[in-house]
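**Student:** whatever this is, show me its structure:
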Amino acid sequence: MCFAQSPIQWAKFGNMAFEEGDLYAAIEYYGKAYYADTTQLQNLMKLADAYRLNNNYIMAEKSYEEVYSRPTPSLSRANYGMSAYWLARMQQSQGKYEIAGKNFERYANYEAQAGSFFWKDAKQQITSCEWALENISDSNEVVFTNTNFASNYADFGGTLINDTTLLYSSLRFLKKDSTLKVAKSERSKKVQTIGARQLDSNWTRAASWDSLFNVTNAHIGNASYFADSNWLLYSECSDYSNCKLKYRQWKNGQWSEAIELPPTINLEGFSATQPTMAIIKGKPTLFFASNRPQGRGNLDIWYSTYEVRLKGFKYPRNMGKKVNTAGNDITPFYSADSNQLYFSSDWWEGYGGYDVFKVDVTSLRSTSKAQNASQPINTPTNDLYFWETPQRTIFVSSNRPGGTKMEGQTCCNDIYFAGIQPPPEPLPPPPPPPTPLDTIKDTVPLVITIPELNNYLPVLYFENDQPNPGSFNTTTKENYADLLSQFINNKNEYISNNQYFKESTKSDSLINIVNQLFDKKVSGGLKDLNRFIDLMLPELQAGKKIKVTIKGYASPLAGPTYNLKLSQRRISSIINYLNTYQEGILKPFLSDTSTSGRIILVEASFGESEASEAVSDNRRNKALSVFSPAAILERRIEVIKVVEEG
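**Tutor:** Numbering: from 1, shown residues only. As a prediction, this is how the structure comes out:
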């Protein structure tokens, strides 16, 4: 005799399958439970959750929509309210931005607790939907191709070991859950690291690298190769909330034993994952994702520099509020070509799910605000693990429609790649229109009003700690022309100190920058000052009193008190030059007792107080703190304003 299962029994089976991460079975059981008794909306809510976690956005949307349209005592108020939030999320992940925005607004206004995480997130997603509507692109300039690693499973990440060998991560079993939760019956099957080879323009799966790692009871993934040290970094996870970072080094034709990164990075009780390394300002730098304390959200991006001399990593620092958010910020990758950090976030304004973002890294403590990498890199679904090769091929892991899937169009991540054409060489700019200074002969006087002098304000540059190194005097007998001549004579020393980068292309770039700085700015500053004087002289001879405000800067090698006095000495050297210009033609106008025309100098010297954060204050690394382009530009005196004194 057969008895049909009751809705309670089906729901119980669904709960068991859900607990084990078997979402396909959970969907089957919750569906039977709900359709056996459609008054029990808690079962429909569980069915919707299972669809959502399996990235089945279409069926999840239908289920959440039905839940929200039928308030009932069988469903708690909290669960009923969350159905509106998840309904909006599922619509957003299908590109339905207008209706998703309205449902996020409905949730925030009527269902959410003001100030809660989901309330804040709904507010943020309203902004995201508005942004997405304004930034939808149908450009076909970049076309992504599925790598097609002959896998119906979840493939993600990637790193090049050499020109033709790629390592990536793969969950090699019947994947149940987009969160990578493993069913109890299949917990012996883990995330593996797989090799692939490029043949012509196609990628082909080669073999598992599990034998290298020789770990039987852990997930091995997120491999990243750091060529400068021949390190293969990766995460080793006992489960998906407990990962540690390790590396192996290619040495003497073989991989070394695993070396675990220090406890300051692998903080006990927290997860560290998704490592990548790059050279930044001459130092090896590790980026990784972690839920360690003092972050801004759940998973944040952190960095730690490696001190070669000490053979160790510094204590990690958070990348800050221009990168990290209240949500999840993960899968970092640093592009040395563009000096940009790429990462994925589920919070910043985007197209839905996780989007790829980028920031300009002028220094590790100073980045630009996160900028969406735009379509076609990003889609309404999840887009993660952006990285690129030196040959300008970019990769991204995504569950966008069109991949190789077991079931459903968006259940699992695939790895996509696209070739990026280098930007065309810009056309040379047209010659500038002639300025008044170019169109007159030296013998013809040029009439410039005092307000117009503000168009010709000079900037003058100085060598480190000049004039009078170590002095605490505020004046000097040195003349700026002599200091400049000595500075220019030392140009080769500055060039040689910018050859410390391992990458020859970056070193060449810095040398070109230094050459340009000396040829245009350092040498050109005195020419600009002479032109400024010549334009001002007729006004002085006509009896005008001119107030000239000068501002001094110094690099942050010394303390504020010393740098303030150093800036004042530099201004003093310029005054000495003015007194000797053209056999003292300006001297009468610099006197406090002048009864006709007069130059009134106002010294606004700020020393280090406004030094750029991009300038190093490391005394031991003079290549950065003294000879770098940033340090050269910081040691300057500016004429910042000219006005007529009544």
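
**Student:** buried residues, stretch 90-99. List them.
**Tutor:** 90-97 (16 or more other CB atoms under 10 Å). Backbone N, C-alpha and C define where each C-beta goes, glycine included.

**Student:** before we move on, what about stretch 451-461?
**Tutor:** Buried, per 16+ other CB under 10 Å, within stretch 451-461: 453, 456-461.

**Student:** end-to-end on it?
**Tutor:** For stretch 451-461, the first-to-last residue distance is 24 Å (CA to CA, to the nearest Å).

**Student:** correct me if wrong: Gly158 contacts Tyr416.
**Tutor:** No. Counting by CB atoms under 8 Å, Gly158 does not reach Tyr416; the two are 10.3 Å apart.

**Student:** shared neighbours, these two?
**Tutor:** Both Gly158 and Tyr416 are contacted by 395, 397, under the criterion CB atoms under 8 Å, 6 or more residues apart in numbering.

**Student:** for those two, indicate the residue with more neighbours.
**Tutor:** Remark: of Gly158 and Tyr416, Gly158 carries more neighbours, 26 against 22, as counted by other CB atoms under 10 Å.

**Student:** which residues of the stretch 401-550 of the chain fall in helices?
**Tutor:** Here the stretch 401-550 of the chain has its helices, by DSSP state H, counting those that start in this stretch, at 436-439, 480-489, 491-496, 504-516, 523-541.

**Student:** relative to Arg70, which of the ones you listed is closest?
**Tutor:** helix 504-516 (61.7 Å; CB to CB).

**Student:** how about the helices in the stretch 101-250 of the chain?
**Tutor:** Along the stretch 101-250 of the chain, counting by DSSP H, counting those that start in this stretch, helices occupy 117-134, 210-213.

**Student:** buried sites along the first one?
**Tutor:** By neighbour count with 16+ other CB under 10 Å, helix 117-134 contains the buried residues 118-122, 124-126, 128-129, 132.

**Student:** on that earlier part again, make a markdown table from the helices of the stretch 101-250 of the chain and add distance to Val142 and mean pLDDT to it.
**Tutor:** As requested, those are exported to a markdown table (distance: least, CB to CB, whole Å; pLDDT from 0 to 100):
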| stretch | distance to Val142 | mean pLDDT |
| --- | --- | --- |
| helix 117-134 | 18 | 94 |
| helix 210-213 | 34 | 64 |
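
**Student:** export those to a markdown table and tack on distance to Thr549?
**Tutor:** Listed next are these as a markdown table, based on distance: least, CB to CB, whole Å:
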| stretch | distance to Thr549 |
| --- | --- |
| helix 117-134 | 42 |
| helix 210-213 | 65 |
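
**Student:** ok, which of the ones you listed comes nearest Gly524?
**Tutor:** Closest approach to Gly524 among the helices of the stretch 101-250 of the chain (CB to CB): helix 117-134, 42.8 Å.

**Student:** elements contacting the closest one?
**Tutor:** Secondary-structure packing of helix 117-134 (3 or more CB pairs under 8 Å, 6 or more residues apart in numbering; DSSP states H and E): helix 77-92, helix 97-106.

**Student:** now do that helix against helix 77-92, angle only.
**Tutor:** If you take axes from the mean of the first three to the mean of the last three CA atoms, to 10 degrees, helix 117-134 sits at 20 degrees to helix 77-92.

**Student:** now find how far off-centre helix 117-134 is within its chain.
**Tutor:** Chain-centre distance of helix 117-134: 21 Å, with CA atoms, centre = their mean, to the nearest Å.
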